[in-house]
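Trainee: Predicted model and sequence below, questions to follow.
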Amino acid sequence: MIATGAIVVGLLPATAVAADVDPRVELGAGWLNAQEASSGLQLLAHRDKPEGFFQSSNLGNLSYANADMAFSGNYAFVGSFHGFNIYDISTPANPVLTTSVVCPGGQGDMSVHGNLLFMAVEETRGRIDCGTQGASGTVNPERFRGVRVFDISDIRHPVQVAAVQTCRGSHTQTLVTSKDDPDNVYVYVSGTSSIRSGSELAGCANTGATDPNTAQWRIDIIKVPLAAPQNAAIVSRPRLFTDRETGAINGLQNSPLTPRHPSGSTWSPSPVTNHCHDITAYPALGLAAAACAGNGLLLDISDPANPVRLDEVSDPNFAYWHSATLNNDGTKVVFTDEWGGGTAARCRTTDEPSWGANAIFDIVDGKMQFRSYYKLPVPQTNQENCVAHNGSLVPVPGRDIMVQAWYQGGISAYDFTDSANPREIAFFDRGPVNANSLVTGGFWSGYYYNGHVYGSEIARGFDAFALTPSKDLDKAEIDAAALLNFDNFNPQTQPQVTWPASFEVVRAYYVQALRTGTMKKDTADNVQKFVNRAERFKDGPQKHAAVAQLRAVTNQLNPADKAQAALTKALLDLSDALS
């Protein structure tokens with residue numbers, strides 16, 4: 001349900017919006033002038049792709065597509081199949097293009113750590129020197145496929161300091177840190193493409209599962225010494241799919257569970273687990289979730305160079321396990337299904353909610369238990385490539401909220417606190433790139449970073465958003481999330497969030513307790529009164545009396561009620577901090 005007064009529809013006549021019609025339906029098309037609709041997510045700024053990173057005469061050419069993002073300080077690093085762009089986001093409503101680096105090779109996924117920027121390269125046209133002339137032939141000593149490492153000490157002049165070759169290139173890459181090994185970082189490389197000739201890169205073998213040296217059924221792990229990144233090198237090639245009983249390296253899903261997709265179409269892509277598409281690490285918990293084509297995996301990464309598979313799941317509705325996100329306490333995991341590979345229309349009225357969707361699992365005693373699907377709740381047209389894609393958590397205390405890209409389905413924020421009943425709470429969408437045919441575009445990524453949401457739009461550019469209050473997300477919750485500021489953020493490397501004792505956090509838990517409707521009115525009034533009083537007198541002579549009232553009011557709350565118990569803890573934490 002859409003909150004009254006929270007809808008913004010661009011370029012639509014006022015009579016076109018009925019109360020019972022989602023404003024995303026039948027938005028007008030256009031490359032840079034498509035109609036827009038939003039609820040709870042305000043577009044602050046849009047920046048077209050810079051010169052040299054698009055071809056207006058050939059829209060949909062993935063050689064120039066924007067891809068994944070990473071963040072560091074006041075900068076957003078937007079990857080591209082053609083290189084990458086760096087935006088200064090110190091003023092989110094006015095992003096400023098700072099640096100453009102042409103370095104073709106797809107897929108261009110970004111990670112950043114300190115003064116190092118990591119970039120995934122997959123395509124055979126990639127060159128060691130970042131040249132645009134390509135690398136012809138089956139064997140070419142100038143070809144590069146793997147992970148590039150740039151020194152970004154001078155943000156305006158990145159310098160490539162290492163280029164680690166891999167057999168299948170790097171479709172995606174994940175940065176993994178370890179508190180026990182602060183001098184190094186590790187890069188988990190997910191190669192999904194063709195295997196290069198052993199004549200081009202020694203050790204590459206395109207052979208079957210009986211060959212222990214085959215480049216299939218594995219990932220590559222690169223160790224990067226922070227003091228000498230030029231020495232980055234592969235240190236292990238874990239066989240994450242091995243059958244625990246037989247030792248067979250192809251021990252997981254080697255063919256689709258049914259001859260055809262449940263829709264009746266052929267499988268696209270095919271859910272065969274001989275690689276991982278994307279791995280999301282949570283170093284603080286020693287966990288990772290890996291989306292590996294035909295299976296979703298839970299990994300122990302306490303030894304980052306030697307991950308161990310803890311559990312695996314499959315799903316007859318999933319065409320391609322694409323990416324994963326863990327919740328903050330590591331008790332849930334969301335996997336996405338990129339049915340159609342991201343270039344097909346998969347959010348039509350004829351597509352079931354379990355196809356091309358998220359699958360939400362609870363993690364219980366180290367095992368994943370399926371709870372529900374979540375899919376964009378509004379149909380898209382045949383002219384819009386749409387399927388589940390990249391997102392991240394919005395750090396609202398007491399809730400599991402994720403903001404996520406759906407290609408030309410736009411960006412959707414949804415609550416999965418109740419993992420069996422996820423629901424949308426905000427969105428932003430544009431009309432199709434082209435009204436008459438499907439031209440690949442839309443949001444590759446939608447991520448929350450330091451108080452704002454940012455989107456990497458494949459065909460159009462870069463967007464900055466602000467969450468706005470609605471009946472589903474209170475201003476107090478938005479303010480509490482914005483308290484957290486990270487030095488850097490790589491969405492595939494989840495940070496552990498701990499909220500400070502603060503008035504913002506107390507008010508967030510307060511509105512959540514109110515939302516349940518179980519708190520008595522006089523209790524609610526007293527909590528509000530004493531919180532306001534404590535804030536007013538926190539620096540004055542009446543502080544101690546105000547703090548005592550804060551502690552005393554917790555006795556009026558019901559400890560058996562989950563929301564009130566969380567509010568009680570927040571009040572006591574704040575009282576301790578003020579004392």
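Mentor: All right, it came through fine.
Trainee: could you say which helix or strand contains Ala566?
Mentor: Using DSSP states H and E, Ala566 falls within helix 562-578.
Trainee: Go through that helix and flag the buried ones.
Mentor: 563-571, 573-575, 578 (16 or more other C-beta atoms under 10 Å). C-beta here means a position set from N, CA and C on the backbone, and glycine is covered the same way.
Trainee: next one: stretch 351-370
Mentor: 351, 354-361, 363, 368.
Trainee: quick one: which of those residues is nearest Gly441?
Mentor: Gly356 (16.9 Å; C-beta to C-beta).
Trainee: distance of that closest one from Leu326?
Mentor: To Leu326, Gly356 is 21 Å away according to C-beta to C-beta, to the nearest Å.
Trainee: which sections of the stretch 1-150 of the chain are below the confidence cut-off?
Mentor: Within the stretch 1-150 of the chain, the ranges that satisfy pLDDT under 70 run 1-19.
Trainee: do that again at 80, thanks
Mentor: Scanning the stretch 1-150 of the chain for pLDDT under 80 picks out the ranges 1-20, 55-58.
Trainee: quick one: the strands in it?
Mentor: Shown for the stretch 1-150 of the chain, the strands assigned by DSSP state E, counting those that start in this stretch span residues 7-10, 36-39, 41-48, 66-72, 75-80, 83-88, 96-102, 107-113, 116-121, 146-151.
Trainee: export the ones you listed to JSON lines and tack on distance to Gly540 and mean neighbour count?
Mentor: Listed next are the strands of the stretch 1-150 of the chain as JSON lines, based on distance: least, C-beta to C-beta, whole Å; neighbours: other C-beta atoms under 10 Å:
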{"stretch": "strand 7-10", "distance to Gly540": "42", "mean neighbour count": "16"}
{"stretch": "strand 36-39", "distance to Gly540": "41", "mean neighbour count": "23"}
{"stretch": "strand 41-48", "distance to Gly540": "37", "mean neighbour count": "18"}
{"stretch": "strand 66-72", "distance to Gly540": "39", "mean neighbour count": "27"}
{"stretch": "strand 75-80", "distance to Gly540": "40", "mean neighbour count": "27"}
{"stretch": "strand 83-88", "distance to Gly540": "40", "mean neighbour count": "22"}
{"stretch": "strand 96-102", "distance to Gly540": "42", "mean neighbour count": "16"}
{"stretch": "strand 107-113", "distance to Gly540": "44", "mean neighbour count": "27"}
{"stretch": "strand 116-121", "distance to Gly540": "48", "mean neighbour count": "28"}
{"stretch": "strand 146-151", "distance to Gly540": "50", "mean neighbour count": "24"}
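Trainee: roughly how far is stretch 318-333 from the heart of the chain?
Mentor: On the basis of C-alpha atoms, centre = their mean, to the nearest Å, stretch 318-333 sits 10 Å off its chain's mean C-alpha point.
Trainee: now do stretch 241-248
Mentor: On C-alpha atoms, centre = their mean, the centre of stretch 241-248 falls 31 Å from that of its chain.
Trainee: Report the buried residues of that stretch.
Mentor: Neighbour count says stretch 241-248 has 241-242, 248 buried, by 16+ other C-beta under 10 Å.
Trainee: now the strands for the stretch 251-400 of the chain?
Mentor: 278-282, 287-292, 295-300, 308-313, 321-326, 332-337, 358-364, 367-374, 391-394.
Trainee: and the fifth one, average pLDDT?
Mentor: It stands for strand 321-326. For strand 321-326, mean pLDDT rounds to 98.
Trainee: Give the residue spans of the protein that score low on pLDDT.
Mentor: 1-20, 55-58.
Trainee: Quick test: name the residue nearest the centre of it.
Mentor: For the chain, Gly391 is the residue whose C-alpha lies nearest the centre (C-alpha atoms, centre = their mean; 2.8 Å).
Trainee: Next one: it from Val121, what distance?
Mentor: From Gly391 to Val121 the distance is 24 Å (C-beta to C-beta).
Trainee: Next: Gly52.
Mentor: 18 Å.
Trainee: Kindly tell me how buried Asp479 is, as a neighbour count.
Mentor: A count of neighbours around Asp479, defined by other C-beta atoms under 10 Å, yields 18.
Trainee: can you tell me which residues contact it?
Mentor: 504, 507-508 (C-beta atoms under 8 Å, 6 or more residues apart in numbering).
Trainee: Of the residues you listed - the most surrounded one?
Mentor: Ala508 (28 neighbours).
Trainee: returning to that earlier point: which one of the strands of the stretch 1-150 of the chain lies closest to Leu285?
Mentor: Here strand 107-113 is closest among the strands of the stretch 1-150 of the chain (C-beta to C-beta), at 18.8 Å.
Trainee: The closest one - contacts with which helices or strands?
Mentor: When contacts are defined as 3 or more C-beta pairs under 8 Å, 6 or more residues apart in numbering; DSSP states H and E, strand 107-113 packs onto strand 66-72, strand 75-80, strand 83-88, strand 116-121, strand 172-176.
Trainee: and it, C-alpha only, in PDB?
Mentor: C-alpha atoms of strand 107-113 as PDB (Å, rounded to 0.1, in the frame of the first residue of the first chain):
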ATOM      1  CA  GLN A 107      32.500  -6.500 -15.700                       C
ATOM      2  CA  GLY A 108      34.100  -3.600 -13.800                       C
ATOM      3  CA  ASP A 109      32.900  -4.500 -10.300                       C
ATOM      4  CA  MET A 110      34.500  -2.400  -7.700                       C
ATOM      5  CA  SER A 111      35.900  -2.800  -4.100                       C
ATOM      6  CA  VAL A 112      38.000  -0.400  -2.200                       C
ATOM      7  CA  HIS A 113      40.300  -0.700   0.900                       C
END
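Trainee: strands paired with that strand, and their directions?
Mentor: strand 116-121 (antiparallel) (DSSP bridges).
Trainee: ok and the strand it pairs with relative to strand 75-80, angle-wise?
Mentor: 20 degrees (axes from the mean of the first three to the mean of the last three C-alpha atoms, to 10 degrees).
Trainee: contacts for strand 116-121?
Mentor: For strand 116-121, using C-beta under 8 Å, 6+ apart, the contacting residues are 70, 77, 79, 84, 103, 105-112, 144-152, 158, 161, 169-173, 175, 185, 187, 189, 224, 226, 229.
Trainee: ok and it relative to strand 146-151, angle-wise?
Mentor: 150 degrees.
Trainee: May I have strand 116-121 as PDB, with CA atoms only?
Mentor: Extracted in PDB, the C-alpha atoms of strand 116-121 (Å, rounded to 0.1, in the frame of the first residue of the first chain):
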ATOM      1  CA  LEU A 116      43.600   0.500  -3.000                       C
ATOM      2  CA  LEU A 117      40.800   0.000  -5.600                       C
ATOM      3  CA  PHE A 118      40.000  -3.400  -7.000                       C
ATOM      4  CA  MET A 119      38.300  -4.000 -10.300                       C
ATOM      5  CA  ALA A 120      36.900  -7.200 -11.900                       C
ATOM      6  CA  VAL A 121      37.800  -7.900 -15.500                       C
END
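Trainee: Give me the angle between that strand and strand 83-88.
Mentor: 140 degrees.
Trainee: now strand 116-121, how far from the centre of its chain.
Mentor: For strand 116-121, the distance to the chain centre is 17 Å (C-alpha atoms, centre = their mean).
Trainee: next one: stretch 531-546
Mentor: With C-alpha atoms, centre = their mean, you get 41 Å for stretch 531-546.
Trainee: what's the answer for stretch 453-472, then?
Mentor: For stretch 453-472, the distance to the chain centre is 13 Å (C-alpha atoms, centre = their mean).
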